[in-house]
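> 3D, please:
(one chain, ligands or ions: 2)
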Amino acid sequence: MPATAPASTPDAPPPSDDASTSASEAYGASGEFGEATTGAAGSASRWVLPEAVRVAGEAQRISYDPAPAWEGGKNCTAMTRGAALLRAFILARVPAVKTIGGYNCRPNTARTSQTSVHGTGRALDIMIPTLQGAANSAVGDPIANWLVTNASVIGVQYLIWNRVKWSGSRTGRKDAPYGGPNPHVDHIHLELTSAASRAETPWFRSLPGAAVVKEASTPAGALPARPDLVTVQGIEVARSIAGRLGAMLTAAAAAGVKLTGGGYRSPARQVELRRKHCGPSQDDIWQKPASQCVPPTARPGRSNHERGLAIDFRGVSGRMTRADPAYRWLAANAARFGFKNLPSEPWHWSVDGR
Ligand SMILES: [Zn+2]
Ligand SMILES: [Zn+2]
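Ligands and ions are numbered 1, 2, ... in the order given. Take a look at the predicted model:
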């Protein structure tokens, strides 16, 4: 029996690209990314995927489309449509990202017989200005986490960010330490599948077009610009509604009604709930109308919970029902504080009743 595993299996990680070329050299981007940073509060020593994101990623399986042989650059193409659309989308959504590199005809730095995925026009380098030389996790992590959560609907096959690589084609654990000479603290290296590069995956098909990409309502939803959150008497909500929620909880308590519940929900958690309430397929998670889920659950990117603007209140046992005294108090008083109920869900109260 051979003592070693074969050198390459279908699940083997792709050769590490970007091993020595810094994106700023490769794309002529300015190296001056340190402008106007506000200290190191947003940096972490490596990308740590939140549990829900890691699990959502591991539930998906994305096949790895390799780049062709190098042959002196003969096999290079150009920036693909999918890469261009995703690039425009991220630039429009994340003000902190000013530069995203893409097409670059060169050999794979780790395996020079092969074209770099950048030469196929399927790779992007999302430049994340560093914080005093360290990765700005506050900017980069939400983008990387969004890409993992939505990997199959977008067609993301591989990522490298802040000393960690994520391989969509792997079974089981998909994130692993990245040991290349370039630690990728100043950019996220992202590779699309061939289908995604042709804009044929569901996320791209839902985009009305590059011109209106900023306003696109997509199955994957808005990039999760995490709202400014605060916890009010145990309920996490957007700061913008903290005052009125606090006033309402206090008024309820004064009337002998103790209100408890959950407010903010991360985009990854929304995906998890869609899987649980709507079904396991990509279609179930991203497309099925909320009303066909049990209980009804908004499509990812479309829930007021993801904006910290909705609260699910608990009743005497489990979710609040119309029979709960607390429901009756809310029905009589919540409007004074600017909260409205979604009639199909007695427990769900938000700024606009959705
Ligand atoms: Zn790259
Ligand atoms: Zn709710």
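> Ligand 1 contacts on the stretch 51-200 of the chain?
For the stretch 51-200 of the chain, the residues in contact with ligand 1 (CB under 5 Å from the ion) are 125, 189. C-betas here are computed from N, CA, C, even on glycine.
> Closest residue of the stretch 51-200 of the chain to ligand 1?
The nearest approach of the stretch 51-200 of the chain to ligand 1 comes at His189, 3.5 Å away (CB to the ion).
> average pLDDT for the helix or strand harbouring that residue?
If you go by DSSP states H and E, His189 is part of strand 187-192. In this model, strand 187-192 has a mean pLDDT of 97.
> which other helices and strands contact the next helix-or-strand element following that strand?
Using DSSP H and E, the next helix or strand after strand 187-192 towards the C-terminus is helix 194-197. Helices and strands touching helix 194-197, by 3 or more CB pairs under 8 Å, 6 or more residues apart in numbering; DSSP states H and E, are helix 81-93.
> Compute the distance between Trp347 and Ile311, please.
9 Å (CB to CB, to the nearest Å).
> So which of these two has more stuff around it?
Neighbours were counted for Trp347 and for Ile311 using other CB atoms under 10 Å; Ile311 has more, 29 against 23.
> which SSE is that one in?
Per DSSP H and E: strand 310-313 holds Ile311.
> Distance from the chain centre to that strand, please.
Centroid separation between strand 310-313 and its chain, computed with CA atoms, centre = their mean, to the nearest Å, is 23 Å.
> what's in contact with the very next helix or strand once past that strand?
Going down the chain from strand 310-313, the next helix or strand is helix 325-333, by DSSP H and E. Residues from elsewhere that reach helix 325-333 (CB atoms under 8 Å, 6 or more residues apart in numbering): 248, 251-252, 255, 257-259, 313, 315, 320-322, 339, 341, 346, 349.
> can you name the two of the residues you listed that are farthest apart?
Based on CB to CB, the longest span within the contacts of helix 325-333 runs between Ala251 and Thr321 and measures 21.5 Å.
> Please say which of the two ends up with more neighbours.
For Ala251 versus Thr321, the count of surrounding residues by other CB under 10 Å is larger for Ala251: 16 against 13.
> With adjacent residues omitted, what lies nearest to the closest residue to ligand 2 within the stretch 251-354 of the chain?
Closest residue of the stretch 251-354 of the chain to ligand 2, CB to the ion: His348 (3.6 Å). Distances taken as CB to CB, 6 or more residues apart in numbering put Leu342 closest to His348, at 4.4 Å, once the chain neighbours are dropped.
> Enumerate every residue touching Asp312.
Residues near Asp312 by CB under 8 Å, 6+ apart: 261-263, 305, 319-320, 345, 347-349.
> quick one: it and Pro267, what's the gap?
Look at Asp312 and Pro267: by CB to CB, they are 17 Å apart.
> for the one helix or strand Ile126 maps to, what is the average pLDDT?
Element membership of Ile126 [criterion: DSSP H and E] is strand 123-127. Per-residue pLDDT over strand 123-127 has a mean of 95.
> how about it: buried residues?
123-127 (16 or more other CB atoms under 10 Å).
> Distance to ligand 2 for those - can I get that in TSV?
Formatted as TSV, these follow (distance: CB to the ion, whole Å):
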residue	distance to ligand 2
Ala123	38
Leu124	35
Asp125	38
Ile126	32
Met127	37
